[in-house]
Every structure is written in structure tokens, then in C-alpha cells.
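> sequence and predicted model, in that order:
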Amino acid sequence: MEQTKFMAYLKELFEPLCNQLSLHVGDVIENLCAELATPPLTSSVRVNTLKTPIVSEGVESVKDVLEKYCRERNCSTSISMSVHPLLPDVLLIEGSGPHSDLRLYDKEILVEMTCGQSVLRGADVYGPGILGAPKDLFIGESVSVYADSGNESRKGLVKKYDGPKVYIGNGKACQTRADWFGPSAKSSGLAIRMTDPLYISPSLNEMLLNDVAFPQSLPSLVVSHVLKPTETDRVLDMCAAPGGKATHLATLMRNKGVIIALDRSAGKMKSLKHNVKRFGLTNVHCFHHDSTAACSSKSDDASSQRNFPGPPPYPPAFFDKVLLDAPCSGLGQRPRFNFSINLTDFTSLPLYQKKLLAQAVLLLKPGGKLLYSTCSLSPEENEAQVKWLLSTFKEMILIEQSPVIGYPGLSMFELSREECLKLQRFGPAAFNKQLSSSPLSLDTIGFFIALFEKKN
Ligand SMILES: C[S@@+](CC[C@H](N)C(=O)[O-])C[C@H]1O[C@@H](n2cnc3c(N)ncnc32)[C@H](O)[C@@H]1O
């Protein structure tokens with residue numbers, strides 16, 4: 001039901017643009033869902049240039065992890081890796097798939113939808129993710145693995161599942177049914193080692209890469225390069241956890257200047273602080289705080305200045321650069337088998353993002369830069385927010401980004417062609433190519449970047 005309502009809403013959202021481009025909106029949305037169900041084939045990793053200023057050393061560490069991955073699977077060809085031509089600290093790792101020539105085994109394992117999505121990104125199957133398995137399965141036996149794409153199956157199924165399911169590859173059992181269900185069930189552990197995944201898309205376990213490299217999506221890696229922090233900047237990261245972009249900004253600043261990293265979630269603060277510590281960064285100061293209240297009402301709050309870098313609130317016009325990597329619907333995360341998204345939650349997000357944007361504008365110095373990003377494909381969370389910001393805050397101007405790696409923004413909400421060219425949009429290749437009539441063929445998760453400057 002949620003899925004049907006959400007699909008109808010998506011069609012409504014994209015209909016004016018599709019009409020303008022003479023495209024059939026039903027086909028566009030159907031193709032989009034099919035593309036979102038697959039993983040991007042290229043993964044990316046950021047080398048910690050503070051630890052290994054020579055990127056090739058980082059390359060060697062990542063190579064070791066990749067070779068181990070290949071040894072454990074039937075990767076006939078070794079995975080290729082290269083430094084991004086425009087992002088000198090980013091390694092691109094080419095995956096492959098779908099491998100449609102795989103043989104199907106008689107015995108089937110059914111896993112939860114989220115577990116299946118992780119398998120498509122290169123993970124193995126762990127005990128808690130299993131929903132169904134045959135009784136007579138033995139250790140070392142080959143099985144075909146399916147994901148419950150409708151998210152409807154109950155746990156403990158014995159027979160083959162006949163509901164909506166997606167084939168995600170073959171593996172070998174490392175445990176038996178008794179380890180997953182019933183009184184003697186183990187709570188965790190490697191359950192199925194994926195020997196022939198449908199997609200070869202190595203998941204670079206963060207722990208294996210330690211402080212040398214950090215797996216991040218390509219568009220996320222573009223953000224810090226576009227904001228271009230300097231070693232003397234005072235930077236605010238309003239929604240910082242788990243710290244992918246904050247640690248990247250801090251590294252680009254060579255561990256100098258000051259970054260204030262705020263997040264509202266107490267749980268996520270732990271991973272933020274862990275990542276900052278892991279990379280040995282001393283210029284990032286983390287505070288558990290709601291960024292909709294990050295600005296104090298007093299224009300020259302002397303105590304904030306004295307205690308800096310102390311906790312918020314901060315006076316207006318206090319930061320050289322502000323990053324708002326906003327909480328969003330995540331309509332762009334891949335792979336994703338199902339769209340049971342609650343429409344009320346989805347449509348209320350833009351209002352919340354506006355509240356955060358308004359604080360960002362207040363906290364920015366004249367001449368300072370604000371970067372707004374989301375991992376959503378929804379124009380309401382992206383282009384519409386740009387239009388709103390420009391018409392609400394006359395002191396803000398949209399500026400060009402560099403490097404430009406993504407597609408232009410969508411020509412919606414009365415944005416001019418010039419304005420669209422100043423935006424970067426990422427996502428499934430066919431979807432972006434169709435809607436922006438671009439010759440690019442970049443296939444990533446959905447993402448959006450806008451860069452603004454506050455007039456002096
Ligand atoms: C897209 S994630 C940020 C990812 C992060 N920038 C990174 O690169 O690792 C959005 C974050 O916003 C946080 N958040 C949501 N509302 C917030 C608020 N009012 N103030 C501060 N953080 C908030 C969430 O807890 C979540 O961690």
C-alpha cells in the first residue's frame with residue numbers, strides 16, 4: 001500500500017519535467033526503480049593523505065584487502081583499481097555484474113531484504129539476516145541465495161519461498177539451520193560465504209582498512225573538494241555523523257583550522273568521535289546538538305568567542321564555511337528492492353531541511369560559502385530548496401562548483417539553465433541521462449550538491 005502510494009507520488013513529482021521532455025513518466029519511474037535495485041558497479045575509497053601522503057602507499061593497503069576478497073571468491077580476473085582523474089585522494093574500484101550465467105542450486109536460502117542489499121554490495125550472509133533454510137543443509141554445501149524483496153516473509157521458513165524474491169548469487173553454508181533458528185541459535189557469525197555473488201562489488205570493510213583509507217560513495221567524496229576548506233578556515237559541519245565528510249574536510253585542511261561537527265543523534269555521535277580519533281584528527285570538535293538551534297540570538301556573543309572551539313550556540317556570521325549534508329529521504333541509496341516509504345515522512349522532510357538551511361545562512365560570514373547536499377533524487381529536497389533559498393535570502397548567490405563530476409540540476413521550479421549548470425546531480429546513469437539530456441554515463445548512488453556564497 002505504502003509502495004503504491006509512493007509510486008503515484010513520484011510520478012506526480014516528475015510528470016511536468018517528463019512532459020516537457022516528451023518522456024512517458026510511467027516508463028521513467030519504472031526504469032528508475034529497476035536501476036535503483038542494482039548496486040553502482042564502481043566503488044570508491046578515500047586514502048587518508050595525512051597518514052599516507054603518497055597515495056600509492058594507500059593503494060597498496062587497499063590492494064591487499066581486494067586481493068583477499070578475490071581469493072575468497074571465484075573472481076577470475078583481478079579487480080581493477082585507479083586513482084580518480086579529478087580527485088587525487090580517491091581510488092576507484094571497478095566491480096562487475098550481473099553475472100547471469102550462474103548455475104542455480106536446488107537448496108535455497110532466503111535472507112532479509114536489507115541483508116540481500118548488502119550482499120549486492122559485496123557482503124557475505126550473517127546468521128541474523130537469514131529467514132529461511134532447508135532442514136537437511138550441511139556445512140560446505142552450495143546453495144542459491146534469494147532476498148525477500150517484498151519484506152513479508154516470517155523467520156524460520158523451511159520450504160522454498162514462493163513470495164516476491166530476488167536472486168542475489170550462490171554461496172557455501174558455513175553453519176546449519178540449527179545455528180539460525182530455535183533454542184540453540186547463535187546470535188551472529190558467518191552463515192553463508194558468497195562464492196559466486198550476482199555482482200562482484202567488493203565491500204571494503206572499514207576495520208580492515210583501519211586509518212589508511214575510508215570507503216565512501218563517489219558523490220560524498222566530491223563534497224569536501226567542492227567546499228575547498230583552507231588551513232585557516234572556521235568550518236561548521238551541521239549534520240556530521242558518522243563523520244565521512246568531516247574527516248575528509250579535516251584532512252584537506254591538513255589537521256589545521258577548526259571544524260565544528262554537530263549531530264543531533266547521541267548514538268551516531270559515538271561513530272563520529274570514533275572516526276575522528278581513528279584518523280588522529282585534532283582540528284575536529286564534536287558536539288551533540290540540534291543544528292536547528294545552532295545560532296544564538298545575540299549578534300556578538302562574547303562568551304562563544306572566548307570559549308571557542310566550545311559548544312554551540314554560536315553568534316551569527318561566525319563561520320567561513322558551512323556544510324549542510326542534510327537529513328533526507330535517502331531516495332537514491334542503492335541497491336534498494338522496495339519503496340515502502342511513508343509519504344507523510346517523505347513530504348515533511350523539505351520543511352525540516354529549510355529550518356536547517358535558515359540556520360546555515362545566519363551562521364555564515366559575508367563572503368563565506370555554504371554547501372548543501374542530500375543523498376536523495378527527489379527534486380523537492382534538491383532543486384526546490386535551491387529556489388527557496390535564493391528567493392528567501394537575497395544575500396545568497398548560487399556559485400559554480402569545481403570539480404564538476406556529476407550531471408546538471410533538473411530544470412524544475414523555474415531554475416534557469418545557468419543555475420542548473422551550477423548544480424551537481426548524481427544517480428543511476430540512464431535516469432540522469434534521460435532527464436538532463438546529458439552525454440555523461442556516470443552511475444552512482446543518488447546525490448545532490450549546491451554551493452552558495454553570502455554576499456559581502
Ligand atoms: C546524511 S547524514 C550525515 C552524514 C555525514 N555528513 C557524513 O558524511 O558522514 C544526516 C545526519 O543528520 C543528523 N541530523 C538530523 N537532524 C539533525 C539536526 N537537527 N541537527 C543535527 N544533526 C541532525 C542525523 O543524525 C544524521 O547523522
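Nice, thanks for sending it over.

> gap between the two ends of stretch 159-169?
Terminal residues of stretch 159-169 are spaced 19 Å apart (Cα to Cα, to the nearest Å).

> domain ranges for this structure?
The record's domain parsing of the chain by automatic domain parsing lists 42-96+203-209, 108-197, 217-454.

> what parts of the chain come near the ligand?
Neighbours of the ligand within the chain, by Cβ under 6 Å from any ligand atom: 220, 238-245, 262-265, 268, 290-292, 325, 327. C-beta here means a position set from N, CA and C on the backbone, and glycine is covered the same way.

> show me which strand runs longest in the chain.
Longest strand of the chain, by residue count under DSSP state E: strand 364-374.

> can you show me the helices along the stretch 251-400 of the chain?
Ranges of helices in the stretch 251-400 of the chain, per DSSP state H, counting those that start in this stretch, are 266-278, 302-307, 343-363, 383-392.

> list the buried residues in the longest one.
For helix 343-363, burial by neighbour count (16 or more other Cβ atoms under 10 Å) applies to 346, 349-350, 353, 356-363.

> low pLDDT regions in the stretch 51-200 of the chain?
Residues of the stretch 51-200 of the chain meeting the criterion pLDDT under 70: 53-58, 73-78.

> next, the distance between the ends of stretch 425-432.
End-to-end distance (Cα to Cα), stretch 425-432: 8 Å.

> got the buried residues for that stretch?
Buried positions in stretch 425-432, judged by neighbour count with 16+ other Cβ under 10 Å: 425-429, 431-432.

> which residues touch that stretch?
The contact list for stretch 425-432, computed with Cβ atoms under 8 Å, 6 or more residues apart in numbering, reads 28, 31-32, 35-36, 38, 218-219, 222, 332, 334, 377, 382, 405-410, 436, 438, 440-449.

> which of those fall within helices?
Within the contacts of stretch 425-432, residues falling in helices by DSSP state H are 28, 31-32, 35-36, 218-219, 222, 436.

> and those, which are buried?
28, 32, 35-36, 218-219, 222, 436.

> part of a strand, is Ile192?
Yes - using DSSP: H, G, I helix; E, B strand; the rest coil, the assignment for Ile192 is a strand.

> contacting residues for it?
Contact analysis of Ile192 by Cβ under 8 Å, 6+ apart lists 109, 124-125, 130, 143, 145, 171-174.

> need the residues you listed in a markdown table (columns: distance to Glu72, secondary structure and neighbour count).
Converted to a markdown table, the contacts of Ile192 look like this (distance: Cβ to Cβ, whole Å; DSSP: H, G, I helix; E, B strand; the rest coil; neighbours: other Cβ atoms under 10 Å):
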| residue | distance to Glu72 | secondary structure | neighbour count |
| --- | --- | --- | --- |
| Ile109 | 18 | strand | 28 |
| Asp124 | 9 | coil | 22 |
| Val125 | 14 | strand | 28 |
| Ile130 | 20 | strand | 25 |
| Val143 | 16 | strand | 21 |
| Val145 | 16 | strand | 28 |
| Gly171 | 11 | strand | 24 |
| Lys172 | 10 | strand | 15 |
| Ala173 | 15 | strand | 22 |
| Cys174 | 12 | coil | 17 |
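
> now render the residues you listed as JSON lines, adding distance to Leu371.
Listed next are these as JSON lines, based on distance: Cβ to Cβ, whole Å:
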{"residue": "Ile109", "distance to Leu371": "43"}
{"residue": "Asp124", "distance to Leu371": "36"}
{"residue": "Val125", "distance to Leu371": "38"}
{"residue": "Ile130", "distance to Leu371": "41"}
{"residue": "Val143", "distance to Leu371": "46"}
{"residue": "Val145", "distance to Leu371": "40"}
{"residue": "Gly171", "distance to Leu371": "41"}
{"residue": "Lys172", "distance to Leu371": "45"}
{"residue": "Ala173", "distance to Leu371": "47"}
{"residue": "Cys174", "distance to Leu371": "44"}
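
> which one of those sits closest to Asn307?
Nearest to Asn307 among the contacts of Ile192: Asp124, at 47.6 Å, using Cβ to Cβ.

> my guess is the closest one meets Thr195, correct?
No - the pair Asp124 / Thr195 is not scored as a contact, 9.6 Å apart, by Cβ atoms under 8 Å.
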